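Student: Kindly return the folded structure for what I paste below:
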Amino acid sequence: MQQGLLIGIDGGGTHSTAVAAWPDGRIAAVAHGGGLNYHNIGVDTVRRRLQDMVQELCEKAGAPLHRVCVGMSALDGPADEQTHALFTSDLITREQLDLQSDAYIALMGFTRGEPGMIVICGTGSMLLLRDEAGAQHVSGGWGYLLGDTGSGYTLAREGLIAAIDATEGLGCPTVLESLACRYFGTSTLRQTIDCIYAPDFTPDRMAGFARHVIQAADDGDTAASDVLQSNMNRLARQTVCLLEKAPAARRVGLYGGIFAHSEKAQACFTHTLRALAPRAKICALEYTPELGAIIHLMQKEGLLSQERLSLLKQSYEEHLR
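Tutor: Numbers count the residues shown, from 1 in each chain. Predicted structure coming up:
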């Protein structure tokens, strides 16, 4: 059996988590880095961040790389050869590199290859379903310009629009105006124009305002609550439409910062989904996306077993203590 490292990386829009495992499932090392969405920050930055994380893991473990699977927020599915070529190097060869969507590795951590569906809400949002034949079906993931329902960016943008509507007399009064000024460091809401349209303004900077929209919704602000609920209702309807493609895939996993940090968002989504699809079952993710990437590699290598899965989960929990 090969003795090199199997590395799984959850490359989100804002930050990344990388894990190295031995072939028997034991965790060898963990590393963290910046986001890996090359649409937002460029190929050169992502290539450098990817190589830095892989090198750090190999140095920590004192072992060479065997294969690495990267779940990238910039991808809808498995990367083509042209995209793979952008991120290969002397450190990471084409044979060693496996590029997938971040939704896919989260799904693998949830279903371990069985039919099921994952709904991801972080800086962006995306839904991915694996049917009975193993085929992938995607919904959402259009990116921040075209609209990722329920994502941090969309919640932040729509929260700002609600604040603008209130300022211009078109909407109900809301605390979002003062919260936006505080977040963007301005005295008036109109001054945020210069901040938001500045050349160095990034999507993750906008998405960061979502936590204030969520907090305002939790505190009972009507405008913020409307933004959160309308997004969760739409996301649940997307989920129902995707579930119709695979009747056997009734299990739905929720993942991402929005669900993790907002009980209200999760409750709104769950209420609508259960009303529209009573047979759907919302389940917790047993393995994190970075471990899902390793599970994918183990399946490709013919190493996947319940014993290795148990050791993978147990040793990762011990490593994080």
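
Student: The lengthiest helix in the chain: which residues count as buried?
Tutor: Secondary structure of the chain read by DSSP state H shows that its longest helix is helix 222-243. By neighbour count, and taking 16 or more other C-beta atoms under 10 Å as the criterion, the buried residues in helix 222-243 are 223-229, 231-236, 238-239, 242-243. All C-beta atoms are positioned from the backbone trio N, CA, C, and that covers glycine.

Student: Also stretch 302-317?
Tutor: 303-304, 308-309, 311-313, 315-316.

Student: Redo those residues as JSON lines? Include distance to residue 158 and secondary structure.
Tutor: Converted to JSON lines, the buried residues of stretch 302-317 look like this (distance: C-beta to C-beta, whole Å; DSSP: H, G, I helix; E, B strand; the rest coil):
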{"residue": "303", "distance to residue 158": "45", "secondary structure": "coil"}
{"residue": "304", "distance to residue 158": "41", "secondary structure": "coil"}
{"residue": "308", "distance to residue 158": "44", "secondary structure": "helix"}
{"residue": "309", "distance to residue 158": "40", "secondary structure": "helix"}
{"residue": "311", "distance to residue 158": "44", "secondary structure": "helix"}
{"residue": "312", "distance to residue 158": "39", "secondary structure": "helix"}
{"residue": "313", "distance to residue 158": "37", "secondary structure": "helix"}
{"residue": "315", "distance to residue 158": "42", "secondary structure": "helix"}
{"residue": "316", "distance to residue 158": "36", "secondary structure": "helix"}
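
Student: In CSV: those residues, plus pLDDT.
Tutor: As requested, these are arranged in CSV below (pLDDT from 0 to 100):
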residue, pLDDT
303, 91
304, 90
308, 94
309, 94
311, 94
312, 95
313, 93
315, 93
316, 94
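
Student: Now stretch 29-42: average pLDDT?
Tutor: Throughout stretch 29-42, pLDDT has a mean value of 90.

Student: gap between the two ends of it?
Tutor: One end of stretch 29-42 sits 27 Å from the other (C-alpha to C-alpha, to the nearest Å).

Student: who touches the helix or strand of the chain with the lowest mean pLDDT?
Tutor: Taking mean pLDDT, DSSP states H and E as the measure, the chain has helix 38-41 as its least confident helix or strand, at a mean of 86. The set of residues external to helix 38-41 that reach it, using C-beta atoms under 8 Å, 6 or more residues apart in numbering, is 13, 34-35, 45-46, 72, 74, 86, 143, 202-204.

Student: ok, the residues you listed vs residue 178, which is closest?
Tutor: Taking C-beta to C-beta as the measure, residue 178 lies nearest residue 204 of these, at 22.5 Å.

Student: mind checking which helix or strand that closest one is in?
Tutor: If you go by DSSP states H and E, residue 204 is part of helix 203-207.

Student: and the buried residues of stretch 302-317 as JSON lines, adding distance to residue 258?
Tutor: What follows is these, written out as JSON lines (distance: C-beta to C-beta, whole Å):
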{"residue": "303", "distance to residue 258": "34"}
{"residue": "304", "distance to residue 258": "30"}
{"residue": "308", "distance to residue 258": "32"}
{"residue": "309", "distance to residue 258": "28"}
{"residue": "311", "distance to residue 258": "31"}
{"residue": "312", "distance to residue 258": "27"}
{"residue": "313", "distance to residue 258": "25"}
{"residue": "315", "distance to residue 258": "29"}
{"residue": "316", "distance to residue 258": "24"}
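
Student: List just the nearest of the residues you listed to residue 166.
Tutor: For residue 166, the closest of the buried residues of stretch 302-317 turns out to be residue 316, at 45.6 Å, with distances computed as C-beta to C-beta.

Student: hang on, isn't the closest one packed against residue 291?
Tutor: Yes - between residue 316 and residue 291 there is a contact under C-beta atoms under 8 Å: 6.2 Å.

Student: Which neighbours do these two have in common?
Tutor: Overlap of the contact sets of residue 316 and residue 291 (by C-beta under 8 Å, 6+ apart) consists of residue 19.
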